[in-house]
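Engineer: sequence unknown, structure follows:
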């Protein structure tokens, strides 16, 4: 096999065009076989095989920087840079599902949030210019979807301002209905547009005609308009060239020879160039090509021959939200929904099918989505903006200044909150309950089970004068956790024996960690430690009944699937201090560090967020209060 002989990008140089086509076929077979066993981003990688081969033949990585926006499509890049052991893909100790600096010097960007690559490319190109590195190049690959993000256009505005700063932008356009490859004329015009001679010809022609009396200037404008119209007819480059960016394309993204020709011309030009490549997501794998939803953008473990899941998926948090949104939509004509290019993943497809006039896809533009939601609320409807928890970070200013400041009734639904695991550091939703704590008036709910998700979503959309947030985990929703009582707005999940006058521990359980908190209480009970377990339901603001309840206990412990710094534990601690309640408090959560990819349960074990670990530390704290603590205190989770 050719693939096994590729240890690095320069091994591609000696292959013939026929061998390159054979290599592309081998890569597709490898990807289908490997990803079907582990799960991962299959469709995007099947679509960029030839493009990635061409990039690594034209550019000399790692001296030249080859950057991928989002990184969904970096598996082929990994294979061509010596990483062909996909057996542990996205598992602890195995390959990351995204580019990873720890894995290879060929990986530059680890952040898998979209629309950032052009900002990175702009900075790297400027650094080359400042340091006089004329033999270094930058090539940035961005998808047509990521181009909908505002950051991409901010970067383009800056990139276009430097006409002589080399930078190649590859637009990976994998729209399903793409046009046929344009032939020799388009190739010839693209060559002309990226040569200094063509620019000099235009400049001289303009000077000559503008000096010609009476007819010169009108004639130039007419000819220039005709030229522009002809180019727009042949290739849709007008928008980019209006920004001052040279345009090459559209190029067949599955023709290695054509791709190399276009990339070489762009590399030689000496300024910013757009290379527009038309690719087919899922190419070469019929189940992906026939998938109407997203062309197998991301899959779990599947049968490689059929593309069908190996296991039937149980009900997920996302599916519970999806069904409840449809019910709400039927009951209330003022409910509308917003997605940032993730209709399927966040569970809004059913709502979109039922109410197509009430769904708004803003593209990969979370900032715009939040402010647009403020406008919708001001206009008299109630928007529900469903987004991954980690992606709401990008819209913090808009949540604060556009939604909260204006007291707009907008509901943000945060999917994939807490430790998500296999997608790595940038996808863990571990910041939302910390950053949102500082937003005045905002109310934040963390449902513990499906029933509470339905109930708290309904409570959230009833709020008309402030932003509300409902956050939940990734994956299968757990069993129902019934309440045994209610104190203030909090559900009581467990109480000590009736004869206990002052229980030892008040355990504040946040969201989906309720089953674990009940397990902690069981372990404490075996040590003779009495425990009350409460679920605040709404963790911001802190329930007024919590401080008096805490005062009736000896120790308070909070457990949350969020960063410890500034999280729910910190808010509870502040509330107790404000109320003058002087009870020892221990907060358990996620340490403020970027967590490597692994299974969720493996990460929780690594950071000590498990029932035995927490029970051990709480036992030590109670023992210390009893004066029978004669050893070093257990380390906190940090």
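Structural biologist: Perfect, I can see it now. Note that the coordinates shown come from a computational prediction; the quantities given were computed from them, not determined experimentally. Numbering: from 1, shown residues only.
Engineer: which strand is the longest one in the protein?
Structural biologist: The longest strand of the chain (DSSP state E) is strand 555-563.
Engineer: can you give me the offset of it from its chain's centre?
Structural biologist: Distance, stretch centre to chain centre, for strand 555-563: 26 Å (CA atoms, centre = their mean, to the nearest Å).
Engineer: Tell me the helix or strand right after that strand.
Structural biologist: Helices and strands here follow DSSP states H and E; after strand 555-563, the next one along the chain is helix 568-578.
Engineer: From the rest of the structure, what touches that next one?
Structural biologist: Residues from elsewhere that reach helix 568-578 (CB atoms under 8 Å, 6 or more residues apart in numbering): 433-434, 437, 446, 508, 510, 536, 539-540, 542, 546-547, 550, 556, 558, 560, 562, 564, 582-583, 585, 587-589. No exception for glycine: its C-beta is placed from N, CA and C like everyone else's.
Engineer: just the buried members of the residues you listed?
Structural biologist: Listed as buried from the contacts of helix 568-578 are 433-434, 437, 446, 508, 510, 536, 539-540, 542, 546-547, 550, 556, 558, 560, 562, 564, 585, 587-589; burial here means 16 or more other CB atoms under 10 Å.
Engineer: Check the gap between the residue nearest the centre of the chain and residue 8 for me.
Structural biologist: The residue lying closest to the centre of the chain (CA atoms, centre = their mean) is residue 113, at 4.5 Å. Per CB to CB, to the nearest Å, residue 113 is found 28 Å from residue 8.
Engineer: hang on, the earlier thing: so which of the contacts of helix 568-578 belong to helices?
Structural biologist: If you go by DSSP state H, the contacts of helix 568-578 have 433, 434, 546, 547, 550 in helices.
Engineer: Closest one to residue 123 out of those residues, please.
Structural biologist: residue 434 (27.8 Å; CB to CB).
Engineer: if I pick the closest one, what's in contact with it?
Structural biologist: Neighbouring residues of residue 434 by CB under 8 Å, 6+ apart: 562, 563, 565, 566, 567, 570.
Engineer: Over to residue 262?
Structural biologist: By CB under 8 Å, 6+ apart, the contact list for residue 262 reads 190, 248, 249, 251, 275, 277.
Engineer: Buried residues in the strand or helix carrying it, which are they?
Structural biologist: Assessed by DSSP H and E, residue 262 sits inside helix 256-269. Neighbour counts over helix 256-269 (16+ other CB under 10 Å) mark 256, 258, 259, 260, 261, 262, 263, 265, 266, 267, 269 as buried.
Engineer: what does stretch 608-618 give?
Structural biologist: Burial within stretch 608-618, assessed by neighbour count using 16+ other CB under 10 Å, is assigned to 608, 609, 610, 611, 613, 614, 615, 616, 617, 618.
Engineer: what residues does it touch?
Structural biologist: The contact list for stretch 608-618 (CB under 8 Å, 6+ apart) reads 419, 505, 507, 516, 519-520, 523-524, 527, 529, 555, 557, 559, 561, 586, 588-590, 604, 634-637.
Engineer: Can you turn the buried part of these into a ChimeraX selection?
Structural biologist: Buried members of the contacts of stretch 608-618, defined by 16+ other CB under 10 Å, are picked up in ChimeraX with:
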select :419,505,507,516,519,520,523,524,529,555,557,559,561,586,588,589,590,604,634,637
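Engineer: Quick one: residues contacting residue 503.
Structural biologist: The contact partners of residue 503, taken as CB under 8 Å, 6+ apart, are 496, 530, 531, 532, 552, 553, 554.
Engineer: so how far is residue 356 from the closest residue to residue 521 other than its chain neighbours?
Structural biologist: Nearest non-adjacent residue to residue 521, counting by CB to CB, 6 or more residues apart in numbering: residue 531, 4.2 Å away. Distance from residue 531 to residue 356, counting by CB to CB: 50 Å.
Engineer: Over to residue 273?
Structural biologist: Distance from residue 273 to residue 356, by CB to CB: 39 Å.
Engineer: Neighbour count: those two, which is higher?
Structural biologist: Taking neighbours as other CB atoms under 10 Å, residue 273 and residue 356 compare with residue 273 leading, 26 against 8.
Engineer: What residues of the longest helix along the chain count as buried?
Structural biologist: Longest helix in the chain, counting residues (DSSP H): helix 17-38. Across helix 17-38, burial judged by 16+ other CB under 10 Å covers 20-21, 23-24, 26-28, 30-32, 34-36, 38.
Engineer: Measure how buried residue 386 is and give me the count.
Structural biologist: Residues contacting residue 386 under the criterion other CB under 10 Å number 26.
Engineer: same question, residue 76
Structural biologist: If we define neighbours as other CB under 10 Å, then residue 76 has 26 of them.
Engineer: Tabulate the buried residues of helix 256-269 in CSV, adding columns for pLDDT and distance to residue 283.
Structural biologist: Formatted as CSV, the buried residues of helix 256-269 follow (pLDDT from 0 to 100; distance: CB to CB, whole Å):
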residue, pLDDT, distance to residue 283
256, 94, 13
258, 93, 16
259, 95, 14
260, 94, 18
261, 93, 20
262, 94, 19
263, 95, 19
265, 94, 25
266, 94, 23
267, 95, 25
269, 92, 29
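Engineer: Go through the residues you listed and say which is closest to residue 321.
Structural biologist: Taking CB to CB as the measure, residue 321 lies nearest residue 259 of the buried residues of helix 256-269, at 41.5 Å.
Engineer: The closest one: what's it in contact with?
Structural biologist: Going by CB under 8 Å, 6+ apart, residue 259 touches 50, 51, 54, 251, 252, 253, 277.
Engineer: same thing with residue 144?
Structural biologist: Residues near residue 144 by CB under 8 Å, 6+ apart: 171, 172, 173, 174, 175.
Engineer: Minimum pLDDT in these, which residue is that?
Structural biologist: On pLDDT alone, residue 175 ranks lowest of the contacts of residue 144, at 71.
Engineer: That residue: what's its closest spatial neighbour, skipping adjacent residues?
Structural biologist: residue 144 is the one closest to residue 175 (CB to CB, 6+ apart), at 6.2 Å.
Engineer: before we move on, the earlier item: possible to save the buried residues of stretch 608-618 as CSV with pLDDT and distance to residue 335?
Structural biologist: What follows is these, written out as CSV (pLDDT from 0 to 100; distance: CB to CB, whole Å):
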residue, pLDDT, distance to residue 335
608, 89, 41
609, 90, 35
610, 93, 39
611, 93, 39
613, 93, 42
614, 94, 39
615, 94, 43
616, 94, 46
617, 93, 44
618, 94, 42
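Engineer: just for the chain, where's the confidence low?
Structural biologist: Applying pLDDT under 70 to the chain flags the ranges 176-239, 628-638.
Engineer: ok, now with 50
Structural biologist: Judged by pLDDT under 50, the chain has its weakly predicted residues at 176-194, 197-199, 201-202, 219-220, 222-236, 630-638.
Engineer: Could you count how many residues lie near residue 306?
Structural biologist: Counted with other CB under 10 Å, the neighbours of residue 306 add up to 10.
Engineer: Would you confirm that it contacts residue 287?
Structural biologist: Yes - shown here, residue 306 and residue 287 form a contact pair, counting by CB atoms under 8 Å, at 6.4 Å.
Engineer: still on that earlier bit, which one (most neighbours) among the contacts of residue 503?
Structural biologist: Of all the contacts of residue 503, the highest neighbour tally under other CB under 10 Å goes to residue 531, namely 27 neighbours.
Engineer: Roughly how far does it sit from residue 613?
Structural biologist: For residue 531 relative to residue 613 (CB to CB), the value is 16 Å.
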